[in-house]
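> any chance you can model this:
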Amino acid sequence: MFRVMLVEDDARLAQLVMEYLAGYEFTIDLVTRGDAALERFKALSPDVVILDLMLPGLDGMVVCRQIRELSETPILILTAREDSYDEVSVLEQGADDFVNKPVQPRVLLARLRALLRRAQGKSGNADPAALEFGALSIIASDRVVTWRGEHCLLSNTEYKLLLVLAESAGRVLSRDALLKKMRGIEFDGLDRSIDNCISKLRRKFDDVDSEKIKTVWGEGYLFSPSAWA
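Residues are numbered from 1 along each chain as shown. Model prediction:
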């Protein structure tokens, strides 16, 4: 059994989430105020946290930062906020996934399981070379990428760029950082190879609205771990 700490002040939604997850491999502890979350986290030591952003007592973004300063426990943000700025901000604060309300219970379950698999991989209980985000799987040791259950054919450059982005999921990477990681060279302000390769990846992964690989204007690109359903 995995222990979930659910930080949510919407009683109806909390009840629905708790009833659904209880039917699987989860026990759930409910916290209804942001200013009570950190102490409850210390007492419970959960395997994963589901965190709302709009909470009484203390904003969820602050709670996220507090927990991340204390632990590497996976944090899934479940919120009605739809502003991409909020998503980028909370991922930079240390959240591992971002899901908008309303969400189908089975989708939430799949996201939680994916976070737990990744956490187990980091702790050495799973293949650390495997990265999974929803329907996307990258097995670095075999250079295998699958998307929605099918093998995805990528060029060497496309694979390297996807891997670099996925390994830094939730963080903005500049063109300079991407080029250094991929080729060991600096961005000269003219090289458009990264932009062209991003466009190719978006086409191959049906990223029509640039939600999976986001453009953060003036900064670079962000691999959104919550968008690969």
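
> which parts of the protein are helices?
11-21, 37-44, 60-70, 84-92, 105-122, 156-167, 175-183, 193-204 (DSSP state H).

> out of the ones you listed, the one nearest residue 147 is which?
The closest of the helices of the chain to residue 147 is helix 193-204. By C-beta to C-beta, the value is 7.7 Å. For every residue, glycine as well, the C-beta is placed using N, CA and C.

> can you list contacts of that closest one?
Here helix 193-204 makes contact (C-beta atoms under 8 Å, 6 or more residues apart in numbering) with 147, 152, 154-155, 157-158, 161-162, 175, 178-179, 187, 207-208, 210, 212-213, 215, 221.

> now with 6 Å, please.
157, 158, 161, 162, 175, 178, 213 (C-beta atoms under 6 Å, 6 or more residues apart in numbering).

> any idea of the angle the least confident helix or strand in the chain by mean pLDDT forms with helix 60-70?
Here the helix or strand of the chain ranked lowest by mean pLDDT, DSSP states H and E is helix 84-92, holding a mean of 77. Computed by axes from the mean of the first three to the mean of the last three C-alpha atoms, to 10 degrees, the angle separating helix 84-92 from helix 60-70 equals 20 degrees.

> how about helix 84-92: buried residues?
In terms of neighbour count (16 or more other C-beta atoms under 10 Å), helix 84-92 has its buried residues at 86, 87, 88, 90, 91.

> can I get it in CSV, CA atoms only?
C-alpha atoms of helix 84-92 as CSV (Å, rounded to 0.1, in the frame of the first residue of the first chain):
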residue,chain,number,x,y,z
SER,A,84,0.4,28.4,-17.8
TYR,A,85,2.4,30.8,-15.6
ASP,A,86,1.1,29.0,-12.5
GLU,A,87,2.1,25.7,-14.0
VAL,A,88,5.6,26.8,-14.8
SER,A,89,6.0,28.5,-11.4
VAL,A,90,4.9,25.5,-9.4
LEU,A,91,7.1,23.1,-11.4
GLU,A,92,10.0,25.4,-10.7
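
> I appreciate the help and will end here.
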